[in-house]
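**Student:** need coordinates for the below:
(chains A, B, C and D)
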2 protein chains.
Amino acid sequence: MPKETFFNLPEEKRQRIIEAAIAEFATHPFQQARVTVIADRAGIAKGSFYQYFEDKKDLYTYLMGLLFQKKMSYLNRDLVENRGKYPFFQLLREVFLSGIRFAKENPRLVPIGMMLANDKQLYREIFGQHEDASIEFFRQLLEEARAQGEIDPAIDPKVAATMLTGLVYSLTDLIVEDGKLDLDDMAIIDQMLYFAENGLKKKD
Amino acid sequence: MPKETFFNLPEEKRQRIIEAAIAEFATHPFQQARVTVIADRAGIAKGSFYQYFEDKKDLYTYLMGLLFQKKMSYLNRDLVENRGKYPFFQLLREVFLSGIRFAKENPRLVPIGMMLANDKQLYREIFGQHEDASIEFFRQLLEEARAQGEIDPAIDPKVAATMLTGLVYSLTDLIVEDGKLDLDDMAIIDQMLYFAENGLKKKD
DNA sequence: TTACAATGTGAATGTACGGTCATATGAATA
DNA sequence: TATTCATATGACCGTACATTCACATTGTAA
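**Tutor:** Residues are numbered from 1 along each chain as shown, chains lettered A, B, ... in the order given. Next up is the predicted model:
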């Protein structure tokens, strides 16, 4: 956690520091991200940085918390909390859509998350032992959908959850990387959902 | 390319260096991998390292070449060259299988490949402009299968290729990471193919 | 206005590591 | 044995950072 001094800072300055950190972590993995660059960019002295944070990881961890919160805020709360009431594939569509909305509106945050996901060591240090949260989330939805007879019982929820997570990653990749594809976002999502739905749903 | 001195080395010593490099690059991304550790582990002096290689990247690039070759060697040659003769989903199964065989028999090489795939900058410096080779490969197969009427024409080959690549990555992950899953490899592959086949094949 | 605390600062410190170089070793040749 | 060439070596150099610290500035309360 940042030190108290950080939270005492005027909002504007705090924001500048966060912006600078985002800019640096969006372009460099944790180890290669430079405190000096963040401080310069935020217009504060290097010494001040250490008045606000224990060290580089302190800031990084804090930032990941903000990022996680932000990402969660894109999920439709009602849909998640009353998920039992909605058909699985509608939930799935909502999850995909929220991911895309998040990525479109916060393009700089996406690579930060990707880089963290790629560094399992660091990921565990920050979020604890938990499995990849997104696999866990899909697995839960899938278990419930299976119980409801919505999806093909031949499919193992853990494997399917892993595959769905893989799909989401590639989707994000496609959307964030410019000029990779001429389809628009909705078309891509539709393709993926179509694929996933046919792949998972209960066969007659 | 390594210098001539490297290729003049006795086989055994060359092997030791490669082993040491694999061990280091399997556990550290390129930038964090240490020449000193590789030299120590191989039992050579740091100075010698620079007799054999231009620099760290020289060794790394060479290693990636070996790795690529090795991976390719797992693909059934006949199936690829005469791919027109085989049904798409059989080809797909073969590709998945070869990927798993490779991963099972060379578990330390997998994270090396993953880390390179995650570093697009470096990837391009090493393999040139080409898109991710695996997406390209799947796209090609899909185009051909679509022309044959084997897969659903509503699906864009580029999107599908990206999705399949995403699937392969996540599955490799599942297989290499220990204790993540109790299914055996074949069961995982079958699940994945079942999923992909239902997702892609032409609907009646 | 002085005194004290809180905050800001960037020069200095320590360390890690890639890469170089002067020197040593050893095999082959004469 | 002396000479030469290829190879081996590890101390050394330079650089890039993360982090620290002695000092400066600012705010505040008496």
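**Student:** where does chain A have low pLDDT?
**Tutor:** A:178-182 (pLDDT under 70).
**Student:** now the longest helix along chain A, how far from the centre of its chain.
**Tutor:** Across chain A, the longest stretch assigned as helix under DSSP state H is helix A:157-176. Mean-position distance between helix A:157-176 and its chain equals 12 Å (C-alpha atoms, centre = their mean, to the nearest Å).
**Student:** show me what counts as buried in the following helix or strand past it.
**Tutor:** Beyond helix A:157-176 on the C-terminal side, the first helix or strand identified by DSSP states H and E is helix A:185-200. For helix A:185-200, the neighbour count (16 or more other C-beta atoms under 10 Å in any protein chain shown) marks A:185, A:188-200 as buried. Backbone N, C-alpha and C define where each C-beta goes, glycine included.
**Student:** also stretch A:98-111?
**Tutor:** Buried residues in stretch A:98-111, counted by 16+ other C-beta under 10 Å: A:98, A:99, A:100, A:102, A:103, A:106, A:109, A:110, A:111.
**Student:** neighbouring contacts of stretch A:143-160?
**Tutor:** A:83-84, A:87-89, A:135, A:138-139, A:142, A:200-203, B:174, B:181, B:183, B:187-188, B:191-192, B:194-195, B:198 (C-beta atoms under 8 Å, 6 or more residues apart in numbering or on different chains).
**Student:** ok, now stretch A:185-204?
**Tutor:** With contacts defined as C-beta under 8 Å, 6+ apart, stretch A:185-204 is touched by A:89, A:92-93, A:96-97, A:100, A:104, A:149-153, A:155, A:160, A:164, A:167, A:171, A:174-175, A:181, A:183, B:152, B:154-156, B:159-160, B:163, B:194-200, B:203.
**Student:** show me the contacts for the closest residue to residue A:48 other than its chain neighbours.
**Tutor:** Distance criterion C-beta to C-beta, 6 or more residues apart in numbering or on different chains; nearest residue to residue A:48, sequence neighbours excluded, is residue A:39 at 7.1 Å. Listed by C-beta under 8 Å, 6+ apart, the contact partners of residue A:39 are A:20, A:45, A:46, A:48, A:49.
**Student:** where does the fourth one land in three-state SS?
**Tutor:** Put plainly, it is residue A:48. Classification of residue A:48 by DSSP: H, G, I helix; E, B strand; the rest coil places it in helix.
**Student:** tally of neighbours for residue A:130?
**Tutor:** 10 (other C-beta atoms under 10 Å in any protein chain shown).
**Student:** hang on, it packs against residue A:136?
**Tutor:** Yes. Taking contacts as C-beta atoms under 8 Å, residue A:130 lies within contact range of residue A:136: 7.0 Å.
**Student:** what are the ranges of the helices in chain A?
**Tutor:** In chain A, the helices defined using DSSP H lie at A:4-8, A:11-27, A:35-42, A:46-52, A:56-73, A:77-81, A:88-105, A:109-118, A:120-127, A:133-147, A:157-176, A:185-200.
**Student:** mind putting these in JSON lines, distance to residue B:71 included?
**Tutor:** Below are the helices of chain A laid out as JSON lines (distance: least, C-beta to C-beta, whole Å):
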{"stretch": "helix A:4-8", "distance to residue B:71": "47"}
{"stretch": "helix A:11-27", "distance to residue B:71": "30"}
{"stretch": "helix A:35-42", "distance to residue B:71": "37"}
{"stretch": "helix A:46-52", "distance to residue B:71": "44"}
{"stretch": "helix A:56-73", "distance to residue B:71": "33"}
{"stretch": "helix A:77-81", "distance to residue B:71": "40"}
{"stretch": "helix A:88-105", "distance to residue B:71": "31"}
{"stretch": "helix A:109-118", "distance to residue B:71": "20"}
{"stretch": "helix A:120-127", "distance to residue B:71": "22"}
{"stretch": "helix A:133-147", "distance to residue B:71": "25"}
{"stretch": "helix A:157-176", "distance to residue B:71": "19"}
{"stretch": "helix A:185-200", "distance to residue B:71": "26"}
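**Student:** go through those helices and pick out the most buried.
**Tutor:** Scoring the helices of chain A by mean neighbour count under mean count of other C-beta atoms under 10 Å in any protein chain shown gives helix A:157-176 as the most buried, with a mean of 22.
**Student:** helix A:88-105 and that one, what's the angle between them?
**Tutor:** Calculated by axes from the mean of the first three to the mean of the last three C-alpha atoms, to 10 degrees, helix A:157-176 forms an angle of 30 degrees with helix A:88-105.
**Student:** quick check: the residue of chain A nearest DNA strand C.
**Tutor:** residue A:47 (1.8 Å; C-beta to the nearest atom of the strand).
**Student:** re earlier: gap between the residue nearest to residue A:48 and residue A:28?
**Tutor:** 15 Å (C-beta to C-beta, to the nearest Å).
**Student:** just residue A:188 next, same as before
**Tutor:** Using C-beta to C-beta, residue A:188 is found at 28 Å from residue A:28.
**Student:** how about the residues of chain A by chain B?
**Tutor:** A:29, A:31-32, A:114-115, A:118, A:152, A:154-156, A:158-160, A:162-163, A:165-167, A:169-170, A:173-174, A:180-181, A:183, A:187-188, A:191-192, A:194-200, A:203 (C-beta under 8 Å from any C-beta of the partner chain).
**Student:** start and end of stretch A:148-155, how far apart?
**Tutor:** One end of stretch A:148-155 to the other measures 14 Å (C-alpha to C-alpha, to the nearest Å).
**Student:** next, the buried residues of that stretch.
**Tutor:** Of all the residues in stretch A:148-155, those buried under the rule 16+ other C-beta under 10 Å are A:150, A:151, A:152, A:155.
**Student:** looking at those residues, which is nearest DNA strand D?
**Tutor:** Of all the buried residues of stretch A:148-155, the one sitting nearest DNA strand D is residue A:155; the distance, using C-beta to the nearest atom of the strand, is 44.8 Å.
**Student:** give me phi/psi at that closest one?
**Tutor:** Per-residue torsions, residue A:155: phi -90, psi 130 (degrees, to the nearest 10).
**Student:** what about it, distance to residue A:161?
**Tutor:** For residue A:155, the distance to residue A:161 (C-beta to C-beta) stands at 10 Å.
**Student:** likewise for residue A:176?
**Tutor:** Note on residue A:176: its distance to residue A:161, by C-beta to C-beta, is 23 Å.
**Student:** got it, and residue A:97?
**Tutor:** Applying C-beta to C-beta to residue A:97 and residue A:161 gives a distance of 19 Å.
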